[in-house]
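Sharing a sequence plus its predicted fold:
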Amino acid sequence: MTAIVQVCAYLLLLQTLSTILGKYVYVSERMTWNDAQSYCREFYTDLAPAVNDEELRKLREISNYAFSFWTGLVKGDTDQNKWMWSGGGEASAILWGIGQPDDQTNEDAGLMVNYRIYNANRLHLHPFFCFDAIVVRERASWEEALEHCREIHSDLASVTSQTDMLLIQAELDKSPFTEHVWVGLRFFPGGWRWTDKEQLTYEVWTGAERPLCPAARHNCGTLKVMGWMPSDDIDTSDILGTNDTLVGVSLGRTDFWQESEWEVHDCEQRLYFVCY
């Protein structure tokens, strides 16, 4: 068996040892923190964060209550006093265990142990969680996007923290995308909700205020990618929305970093979308 075949067989084995639920992928194979990060970035988006107790509860359930596993938490490269989420910005609230972090030498990665995070040596071997955001580069209405995500994946993506937002942005940056992408945000009787039933606790609306009474048909939420610039070589002038109104769905990339925001759009617009 050649080296390439051996590597491919090993990776296929790892994928069979994975459990996927929504945006989380549990990999039971034990790896160093660096190897776990490389694996997640190769096959998914990045190592998963664990921002709050509700997320931690889900991780524990998916892993069948594993005692310990790597998270995406790591000390900053330029500032050792800061802890960062892998690919997702500074960690502002961390579920530290008692007496943590204790700043032991070479303990610069976040290990979840029995519901709380401990700083640990990244050379140790543990199972881990990946974060999996899937950008579907096909134009669809919001309803079509929801149907696709639920049929092929899990659901349209919810964005429950700044870390989620940054990880989705990292996935978008891999190739051209529409300026707005559908996420699982919808105005229902009673208000705005995520289709996967996540809590609407983190909000970054354009204009800073949640739309309380959106116009007819404009009750679907998009992620507006800030810093987006259109590609010059793609013509999308024939893309129409409700009542044959022209909608802006040209493809492009970001040329500088800014935080994305949420906007309300006509649900019949045909945009790319993000699934979990």
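Received, thanks.

burial measure for the closest residue to Lys23 other than its chain neighbours, as a count.
Once flanking residues are discounted, Lys23 sits nearest to Tyr276: 4.0 Å by Cβ to Cβ, 6 or more residues apart in numbering. C-beta: built from backbone N, CA, C; applies to glycine. For Tyr276, the neighbour count with other Cβ atoms under 10 Å is 24.

Now for Tyr276: which residues touch it?
22-23, 132-134, 149, 153-158, 196 (Cβ atoms under 8 Å, 6 or more residues apart in numbering).

Specify which member of those residues is nearest to Asp266.
Leu156 (16.4 Å; Cβ to Cβ).

for the helix or strand harbouring Phe273, packing partners?
Phe273 is part of strand 271-275 when elements are defined by DSSP states H and E. On a contact count with 3 or more Cβ pairs under 8 Å, 6 or more residues apart in numbering; DSSP states H and E, strand 271-275 meets strand 134-140, helix 142-152, helix 162-172, strand 177-178, strand 180-188.

if we can go back for a sec, reformat the contacts of Tyr276 as a markdown table; add pLDDT, distance to Phe188 and neighbour count.
Converted to a markdown table, the contacts of Tyr276 look like this (pLDDT from 0 to 100; distance: Cβ to Cβ, whole Å; neighbours: other Cβ atoms under 10 Å):
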| residue | pLDDT | distance to Phe188 | neighbour count |
| --- | --- | --- | --- |
| Gly22 | 82 | 20 | 17 |
| Lys23 | 90 | 22 | 30 |
| Asp132 | 94 | 26 | 25 |
| Ala133 | 95 | 24 | 20 |
| Ile134 | 95 | 24 | 18 |
| Cys149 | 97 | 17 | 25 |
| His153 | 93 | 22 | 18 |
| Ser154 | 92 | 19 | 17 |
| Asp155 | 95 | 15 | 18 |
| Leu156 | 97 | 14 | 27 |
| Ala157 | 96 | 17 | 32 |
| Ser158 | 94 | 14 | 23 |
| Asp196 | 90 | 13 | 17 |
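
that older thread, how far does the strand holding Phe273 sit from its chain's centre?
12 Å (Cα atoms, centre = their mean, to the nearest Å).

re earlier: which of the helices and strands packed on strand 271-275 sits closest to Gln104?
helix 162-172 (25.4 Å).

Which other helices and strands does that closest one contact?
When contacts are defined as 3+ Cβ pairs under 8 Å, 6+ apart, helix 162-172 packs onto strand 134-140, strand 271-275.
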